[in-house]
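Visitor: Predicted model, plus sequence, below.
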Amino acid sequence: MSDFERIRQLEQENEQLKRDLAEKDKFIRTVLAPYVTSEVAEEIATQGGDVVVSGERRVVTMMFTDLRRSTELSERMDAVDYIRLLNHYLDAMIMIIDSWQGNILSFVGDAIVVVFGAPREIEDAALNAVYSAVAMQRRMGAVNEWNASQGYPSISMGIGIHTGEAVVGNIGSQVRIKYDAIGRNVNLASRIEGFTRGGQILISTETLEAAGELVHVRKAGSMWVQPKGIREKILLHDVIGVGGLRLPE
């Protein structure tokens, strides 16, 4: 074989390798798409599927959402109808969360756990979280219009948001792994959501300060609360809008 033929063969093998890698990357992204966010899928794809179990401390903004009377609805409605209602609601919420660079860590029944600022750091994580929350509450009107058209009951959602340091990363083992956030501030965000009413967004002072002046809160809506498992009382703020977006009256 001549030198020219060897070079030609190597070029062909290189092109085939590129095509194989592109197909592998496409396969990984396609398979993972329904299970993880695009940022997590990107991280896995760039590691060639060999995900490292590791974590880091980072300041993030956590969002917890929950439907009101969901247990009652699940017991009262036909199971197929309830899942259809729930999936339609979640589809609307997921689209908004994705558009504001939120990463959904898990669904706990009808609850959604979201982190802003991980795995990819974003400068306006807290503000993005508030924008996302306001947009989600505004979308509930359309969700309930669809519910009514199907003969389903109206639903409402509470949202709690907190900003603070958490441990984020791939948690588990090589057998089973999950990108997650853990720590006191994650738990606190969950506790904050527990103080909300349907249609309400409550945020911590840390989130309000990090999000900045674009966030509008109810002047008489701030309240001191004592979350379970937290030693000191914390001040929560009742969000009524952000930028040019306002919550429905």
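Guide: Yes, it's here.
Visitor: Past the top strand by length along the chain, which element shows up next along the chain?
Guide: In the chain, with assignment by DSSP state E, the single longest strand is strand 157-172. If you walk from strand 157-172 toward the C-terminus, the next helix or strand you reach (DSSP states H and E) is strand 177-182.
Visitor: tell me what that following strand is packed against?
Guide: For strand 177-182, the packing partners by 3 or more CB pairs under 8 Å, 6 or more residues apart in numbering; DSSP states H and E come out as strand 102-108, strand 157-172. For the C-beta atoms, the positions are set from N, CA and C on the backbone; glycine is no exception.
Visitor: which residues make contact with the first one from outside it?
Guide: For strand 102-108, contacts defined as CB atoms under 8 Å, 6 or more residues apart in numbering pick out 37, 39-40, 63, 90, 94, 97, 112-116, 118-119, 128-129, 132, 178-181.
Visitor: I'd assumed residue 81 was in a helix, is it?
Guide: Yes. Assessed with DSSP: H, G, I helix; E, B strand; the rest coil, residue 81 lies in a helix.
Visitor: wait, doesn't it sit right on residue 152?
Guide: Yes. Counting by CB atoms under 8 Å, residue 152 is a contact partner of residue 81 at 6.6 Å.
Visitor: which one of these two has more residues nearby?
Guide: The neighbour comparison of residue 81 against residue 152 (other CB atoms under 10 Å) goes to residue 152, with 19 against 13.
Visitor: Doesn't the more buried one belong to a helix?
Guide: No. Assessed with three-state DSSP, residue 152 is coil; it does not lie in a helix.
Visitor: Got the confidence number for it?
Guide: Per-residue pLDDT puts residue 152 at 96.
Visitor: need the contact list for it.
Guide: So, once contact is read as CB under 8 Å, 6+ apart, residue 152 ends up touching 77, 81, 85.
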